[in-house]
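> got a predicted model here, sequence first, then my questions.
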Amino acid sequence: MFITSKAALANGSGGFVIDETVIQEPGDDEVIVKMKAAGLCHTDYDSLKWKKSFVLGHEGAGVIYKTGRSVKGLTVGDRVILNWATPCGQCFQCKAGNEHICEKNSPVVAGNDGYTPGHAHLAGTTWKNKPVERSFNLGTFSEFALVKSSAVVKNHSSKISDEAAAIVGCGVMTGYGSVINAAKVKPGASVVVLGAGGVGLNVIQGARISGAAVIIAVDTNPGRLEMSRQFGATHIIKADRADTGLLQAAEQVKKLTHGRGADYAFECTAVPELGAAPLAMVRNAGVAVQVSGIEQEIKIDMRLFEWDKVYINPLYGQCRPQVDFPKIVSLYDAGSLLLDEMVTRKYALHDLQQAFDDMLQGKNAKGVIVFD
């Protein structure tokens with residue numbers, strides 16, 4: 001038995017198509033998820049350059065449609081949130097508590113551009129009668145998604161919408177987790193956030209939830225800066241695009257932090273030239289966090305490290321999906337974490353190009369694809 005599923009697929013030449021895929025029976029440790037909503041982020045757009053055909057999308061929420069024979073703890077109809085960094089639970093890193101950098105399953109750590117060649121059930125999804133890969137082993141821009149059972153987390157909330165749940169599995173987790181898990185921001189601290197997009201807004205929320213006293217948002221987009229106040233920013237700085245390394249903005253940050261710089265600074269712009277910018281924002285012995293996943297080679301003035309500054313580059317907010325996702329949903333249920341307010345616009349699958357355009361123009365905090 002198979003399922004026909006409409007999906008968005010990278011065409012291997014920089015674009016995408018909306019077409020029918022076919023999903024076979026799930027493998028023993030797999031489930032089929034009927035997608036309800038899928039979040040959109042810059043990685044989805046960047047993945048069009050991977051020069052391969054695959055089902056797009058790596059954020060999403062839905063309901064269990066079918067389970068494999070060996071799957072336990074999941075039943076048809078369960079609401080779930082998808083997670084792209086699936087831990088094996090057995091490797092060195094998983095046993096050390098670093099599930100987000102699993103040596104066996106993490107597609108990013110494996111260095112293969114977000115999908116694992118040789119996936120045991122790769123033939124489970126086909127396009128034009130040929131096996132097709134799924135972005136980050138998920139492929140959420142599809143009416144149905146075939147995934148490992150370890151890639152889903154049960155959603156027990158009766159309050160959270162599918163659209164809000166859909167963005168938890170990447171942008172929210174990355175921002176929130178970088179504050180809570182990686183930097184471990186302390187109550188009363190001062191925090192500066194470079195870039196007030198989807199990830200940056202969740203860094204701001206994480207800082208607010210941590211009890212930071214001063215939260216400074218820095219961006220070139222006035223609309224995003226105003227939005228940042230809603231999520232917890234106490235101060236905003238409109239940056240000048242001509243400000244190399246944001247050194248002028250750093251001086252403004254110092255004025256707001258007793259002349260010494262912030263305790264923590266988070267880079268969320270994904271602009272390679274700003275990879276070292278958080279070092280200019282923090283005080284001596286402060287913590288600079290590179291959140292956005294810059295991987296290009298950049299030059300750094302080592303004087304920015306003076307003195308005793310710490311620079312960390314966490315992946316995915318050091319996510320432990322079965323621990324962190326329920327915490328995030330609980331914070332949402334309690335009214336502490338804003339998610340509905342972050343979903344700026346909803347799109348049908350056939351409007352994906354418009355969703356990409358709006359994202360690239362900075363119109364949305366988060367755009368979400370919704371399915372019938």
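Received, thanks. Residues are numbered from 1 along each chain as shown.
> show the average pLDDT along the one helix or strand residue 63 maps to.
Under the assignment given by DSSP states H and E, the secondary-structure element containing residue 63 is strand 61-67. Confidence over strand 61-67, taken as the mean pLDDT, stands at 98.
> now that strand: buried residues?
Counting neighbours by 16 or more other Cβ atoms under 10 Å, one finds that the buried residues in strand 61-67 are 61-62, 64-67. The C-beta positions use only the backbone N, C-alpha and C, and glycine is treated the same way.
> just give me the closest of those to residue 247.
Proximity of these to residue 247 (Cβ to Cβ) peaks at residue 61, which lies at 41.1 Å.
> can you redo the buried residues of strand 61-67 as CSV with distance to residue 253?
What follows is these, written out as CSV (distance: Cβ to Cβ, whole Å):
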residue, distance to residue 253
61, 36
62, 41
64, 47
65, 49
66, 52
67, 51
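> circling back to that earlier point, can you list the strands that the strand holding residue 63 pairs with?
In the sheet, strand 61-67 lines up against strand 30-39 (antiparallel), strand 79-82 (antiparallel) (DSSP bridges).
> give me the contact list for it.
Outside of strand 61-67, the residues that reach it under the criterion Cβ atoms under 8 Å, 6 or more residues apart in numbering are 3, 25-26, 30-38, 74-82, 144-145, 149, 152, 155, 162, 165-166, 168-169, 371.
> can we see that at 6 Å?
Here strand 61-67 makes contact (Cβ atoms under 6 Å, 6 or more residues apart in numbering) with 26, 31-37, 74, 76-79, 81, 162, 165-166.
> stretch 171-189 now?
By Cβ under 6 Å, 6+ apart, the list of residues contacting stretch 171-189 from outside reads 41, 198-199, 202-203, 206-207, 210-213, 263-264, 287, 289, 291, 314, 316-319.
> give the buried residues for that stretch.
Of all the residues in stretch 171-189, those buried under the rule 16+ other Cβ under 10 Å are 171-183, 185, 189.
> repeat for stretch 71-87
Of the residues in stretch 71-87, 71, 74, 78-87 count as buried by neighbour count, 16+ other Cβ under 10 Å.
> would you turn those residues into CSV with distance to residue 351 and pLDDT?
Converted to CSV, these look like this (distance: Cβ to Cβ, whole Å; pLDDT from 0 to 100):
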residue, distance to residue 351, pLDDT
71, 33, 96
74, 31, 96
78, 29, 98
79, 25, 98
80, 25, 98
81, 23, 98
82, 21, 98
83, 26, 95
84, 23, 92
85, 28, 88
86, 29, 87
87, 34, 89
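> distance to residue 367 added to these, as JSON lines?
Shown next, in JSON lines, are those (distance: Cβ to Cβ, whole Å):
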{"residue": "71", "distance to residue 367": "31"}
{"residue": "74", "distance to residue 367": "28"}
{"residue": "78", "distance to residue 367": "26"}
{"residue": "79", "distance to residue 367": "21"}
{"residue": "80", "distance to residue 367": "21"}
{"residue": "81", "distance to residue 367": "18"}
{"residue": "82", "distance to residue 367": "17"}
{"residue": "83", "distance to residue 367": "20"}
{"residue": "84", "distance to residue 367": "18"}
{"residue": "85", "distance to residue 367": "22"}
{"residue": "86", "distance to residue 367": "25"}
{"residue": "87", "distance to residue 367": "28"}
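> how big is the angle separating the helix or strand hosting residue 17 from strand 30-39?
Assignment of secondary structure by DSSP H and E places residue 17 within strand 16-23. Going by axes from the mean of the first three to the mean of the last three Cα atoms, to 10 degrees, strand 16-23 is angled at 160 degrees with respect to strand 30-39.
> could you work out the end-to-end span of stretch 265-283 for me?
For stretch 265-283, the first-to-last residue distance is 9 Å (Cα to Cα, to the nearest Å).
> average pLDDT for it, rounded please.
Confidence over stretch 265-283, taken as the mean pLDDT, stands at 95.
> stretch 16-29 now?
Throughout stretch 16-29, pLDDT has a mean value of 95.
> next up, the contacts around residue 349.
If you count contacts by Cβ under 6 Å, 6+ apart, residue 349 has them with residue 369.
> can you tell me how far it sits from residue 13?
With distances defined as Cβ to Cβ, to the nearest Å, the gap from residue 349 to residue 13 amounts to 20 Å.
> same question for residue 253.
Shown here: residue 253 relative to residue 13, a distance of 43 Å by Cβ to Cβ.
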